[in-house]
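>>> Return atomic coordinates for the entry below.
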Amino acid sequence: MPVTRRNVLSQLATQTDAQRQETTTTAALAAALAVDEDEVERHLEGLLACELARRDADDSIRVTVTGEELLDLDTDELVIVEPQTEGGEPQTERSDR
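Below is the predicted model of the structure:
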């Protein structure tokens, strides 16, 4: 089963904490999701661009308060919109539960 951006965000929220600034690594996320690190990294880039995740100077990552709040909405469907790239359209990813 392919991993979705929501899966990555949910696992990131499970392994980290925004308030306590607890972090994890891409490798740990990939292992928990049983997928390749490159696939997790692609999803993380989108989460970072939307400020749903944060990467620290030591390359560790954590969910943001905004990311936790988005998950707390517990919607049946979640759409994450990435910022528009130069000369392009914004990219979206739809994640069905």
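>>> Could you list the buried residues of the longest helix seen in the chain?
For the chain, the helix reaching the highest residue count under DSSP state H is reported as helix 37-49. When burial is assessed from 16 or more other CB atoms under 10 Å, helix 37-49 yields the following buried residues: 37, 40, 43-44, 46-47. The C-beta positions use only the backbone N, C-alpha and C, and glycine is treated the same way.
>>> Do a quick rundown of the helices in this protein.
Applying DSSP H to the chain gives helices spanning 5-15, 26-33, 37-49, 65-72.
>>> Which of those sits closest to Asp59?
Of all those, it is helix 26-33 that lies closest to Asp59, at 8.0 Å by CB to CB.
>>> Helix 37-49 and that closest one, what's the angle between them?
Here helix 26-33 runs at an angle of 110 degrees relative to helix 37-49 (axes from the mean of the first three to the mean of the last three CA atoms, to 10 degrees).
>>> average pLDDT across the longest helix of the chain?
With pLDDT averaged residue by residue, helix 37-49 scores 95.
>>> Thank you kindly, that will do.
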